[in-house]
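Novice: Need the 3D shape of this:
(chains A, B, C and D)
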There are 2 protein chains.
Amino acid sequence: MAQRGRPRGFDREDALRRAMEVFWVQGYDNASLADLTRAMGINAPSLYATFGSKEALFQEAVALYVRTEGSGIWEQVDTAATARAAIEQVLRTTAEAFTRGATPRGCMIVLAAPQMQGANAQVCDALKAHRQANGCLLERRLTRAVEEGELPASTDCRALASYIVTLQHGMSIQARDGASRETLLAIADCAMAGWEALTTDPN
Amino acid sequence: MAQRGRPRGFDREDALRRAMEVFWVQGYDNASLADLTRAMGINAPSLYATFGSKEALFQEAVALYVRTEGSGIWEQVDTAATARAAIEQVLRTTAEAFTRGATPRGCMIVLAAPQMQGANAQVCDALKAHRQANGCLLERRLTRAVEEGELPASTDCRALASYIVTLQHGMSIQARDGASRETLLAIADCAMAGWEALTTDPN
DNA sequence: CCTTTTTTGTATCGATAACTACAAAATATC
DNA sequence: GATATTTTGTAGTTATCGATACAAAAAAGG
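Specialist: Numbering: from 1, shown residues only, chains lettered A, B, ... in the order given. Purely as a prediction, here's the structure:
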C-alpha cells in the first residue's frame, strides 16, 4: 500500500515525545501551541493534521508518559515478592525517577493540571483517573498480601494505599521545588520505617 | 484628613477575599481578569487602581490565605506540648481544612502554580518559598524536641520534616481529587502510626 | 459655586491564545 | 507526463489575554 501523498517530513513518535516534555514541564494550559510547535520542530498545520487538537496531542502525550516514564515506577507492583517490597520499590523508584537530570522533575500526571479547573475538563478527568488508578493498584496489591498471609486481616488496605499514593504525589511537588534525590529517598525511608507499625495486628 | 475624591464603591477586603477564592480554585494562570472582576464585582480599572496588577493582587491573596486559611494548620506547631502533638495536629487539621464545604479543597499554596513554569516567575517563587517555610517550621520544632529530650539525638529532623510536608502536600492533590475527610484522616493516622519507629534510637 | 482629587464605567489597546484556509510541494498511481 | 493524494509553510481567522486611555461621576476643600 504505502502512503499516497507527500510523505511526512518528521518522525511522529519523536515529535510526540517532545510535546510530552513540554506538557510535563509547563502543564496543559501553560503549554502554548507556539511552545509545542517550536519544540516539535513543526508548524501548527502539521500538528493538527497529525494529532487532531491540542487536547488530543496531550492525551497521546499522557499515554506515552504512562507507557515510558511512569511504567518504571508502577510496573513491579504486582510482580514484587511482597507488598512491602512493592511499596518500597515504588517509593524508591519514584525518588530516582523524579531526580533524573534528563527529564523534568516530578510526575506529569500530578503536575500537568492539578487545579481540576482548567479550560479542558476532559484533560483534568483523564489525569485524575490515572492518579486514582495508582491507588487502586496499590490497594489490590495489599489486599492480595492479606489473602496470601503476608499482612494481617486487620490491615486497612485502602487507607494504606491512599497514604502511599499521597506521599508519592507530594514527592512530585518536592521534586519540582528542587528536592535532591537524597531527600526524596530519605522521605521514602521514613515511610518504610513505619511499615511494621502499619501492618501489625493491634490485638 | 479623610480621602479627597470619590469614595470607593466596594469593600477592599471583601473583594480581595473573593479574588483569593478564584486563585485558590483556578490557580494563577487559569484565573483570568474576567473571572476575577466578575467574582470581585468590580471592573478592571478598579482592580488595577486598587491592587496594581494581577500579580500584585495574587500576592495579596496569598498573604490573606496564609493569614486566614493556612494559619489554622500551622499556628500550633510551636505552642504544642510535644513535637508529636504538633505534627499530629498539623495533619489532622489539614484533613479537616481541606474538606470544608465552604472553601475550595486543598491548599492554595500547593495548587495555585505547581509547575514552577508559569508566565510569572515571581508568583512561582513566592509559593515555593511558602511551601519550604512550612518544612523549616517543622524542622525547627523537631530540633527543639531533640534539645528538650522528647526525641533522641539520632532523630533526622530534616528528613522527618520533609516527610511530613511531603505528605501534607500530597493531601492537597487528594483533596482536590475528591478524597473524603475520613480518607485524609486515615492518611494522617497512617503517618502517626509510624511515629515511634521514626523517633526511636536504633541503638 | 469652582477647583481638586479619586473612582467609576466604557471602550479600547497590542499581544497572544487555539486553530485553519489555501496553495505550493512532494509523493504514488495511472 | 498527467492525475490523485497528502504534507508543507505562509498567512490568516476569531477570541481572549492582561492592562489602559479617557471622560463622566462623586466626593472634599476652598
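Novice: now stretch A:173-183, how far from the centre of its chain.
Specialist: Relative to the centre of its chain, stretch A:173-183 is centred 16 Å away, using Cα atoms, centre = their mean, to the nearest Å.
Novice: Can you give me the end-to-end span of it?
Specialist: Using Cα to Cα, to the nearest Å, the end-to-end distance of stretch A:173-183 comes out at 13 Å.
Novice: Where does chain A get nearest to DNA strand D, residue-wise?
Specialist: A:Gly5 (1.9 Å; Cβ to the nearest atom of the strand). Where C-beta positions appear, they are placed from N, C-alpha and C, glycine not excepted.
Novice: May I have the phi/psi pair for A:Gly170?
Specialist: Reported as degrees, to the nearest 10, the phi and psi values for A:Gly170 are phi -60, psi -30.
Novice: list the contacts for the closest residue to A:Leu198 other than its chain neighbours?
Specialist: Closest residue to A:Leu198 in three dimensions, ignoring its sequence neighbours and counting by Cβ to Cβ, 6 or more residues apart in numbering or on different chains: B:Ala193, at 5.2 Å. With contact set as Cβ atoms under 8 Å, 6 or more residues apart in numbering or on different chains, B:Ala193 has these partners: A:Gly194, A:Ala197, A:Leu198.
Novice: Most neighbours among those, which one is it?
Specialist: For these, the largest neighbour count, defined by other Cβ atoms under 10 Å in any protein chain shown, is 22 neighbours, found at A:Leu198.
Novice: Test my guess that it contacts B:Met192.
Specialist: No. Assessed by Cβ atoms under 8 Å, A:Leu198 is found out of contact with B:Met192, at 10.2 Å.
Novice: how about the lengthiest helix in chain A: buried residues?
Specialist: If each helix of chain A is counted by residues according to DSSP state H, the longest one is helix A:121-147. Of the residues in helix A:121-147, those scored as buried under the neighbour-count criterion (16 or more other Cβ atoms under 10 Å in any protein chain shown) are A:123-124, A:126-128, A:130-131, A:134-135, A:137-139, A:141-143, A:145-146.
Novice: A:Ala63 and A:Met108, how far apart?
Specialist: In this structure, A:Ala63 and A:Met108 are 11 Å apart, going by Cβ to Cβ, to the nearest Å.
Novice: neighbour-wise, which of those two wins?
Specialist: A:Met108 (27 against 14).
Novice: Excluding sequence neighbours, find me the nearest residue to the more buried one.
Specialist: Closest residue to A:Met108 apart from its sequence neighbours, by Cβ to Cβ, 6+ apart: A:Trp24 at 4.2 Å.
Novice: Which positions in chain A make contact with DNA strand D?
Specialist: Contact residues of chain A with respect to DNA strand D, defined by Cβ under 7 Å from any atom of the strand, are listed as A:3-10, A:42-46, A:49-50.
Novice: so which of those is the most crowded?
Specialist: With neighbours set by other Cβ under 10 Å, the maximum within the residues of chain A next to DNA strand D is found at A:Ile42, which has 19 neighbours.
Novice: three-state assignment of that one?
Specialist: Using DSSP: H, G, I helix; E, B strand; the rest coil, the secondary structure recorded for A:Ile42 is coil.
Novice: Chain A: helices as residue ranges?
Specialist: Shown for chain A, the helices assigned by DSSP H span residues A:12-26, A:33-40, A:44-51, A:54-65, A:71-74, A:83-97, A:108-111, A:121-147, A:157-176, A:181-193, A:195-198.
Novice: quick revisit: closest one to B:Leu36 out of the contacts of B:Ala193, please.
Specialist: Of all these, B:Leu36 sits closest to A:Gly194, with 43.3 Å by Cβ to Cβ.
Novice: For the residue lying closest to that closest one once chain neighbours are set aside, give me phi and psi.
Specialist: Sequence neighbours aside, B:Gly194 is the residue nearest to A:Gly194 in space, at 1.7 Å (criterion: Cβ to Cβ, 6+ apart). Its backbone dihedrals place B:Gly194 at phi -90, psi 0, with angles given as degrees, to the nearest 10.
Novice: What ranges in chain A fall below the confidence cut-off?
Specialist: A:1-2, A:119, A:203 (pLDDT under 70).
Novice: quick one: A:Ala161 and A:Thr143 touch, right?
Specialist: No. Here A:Ala161 does not reach A:Thr143: they are 9.0 Å apart, not a contact under Cβ under 8 Å.
Novice: State the distance from the residue of chain A found nearest chain B to B:Asp189.
Specialist: Closest approach between chain A and chain B, counting by Cβ to the nearest Cβ: A:Gly194, at 1.7 Å. Noted for A:Gly194: a distance of 11 Å to B:Asp189, by Cβ to Cβ.
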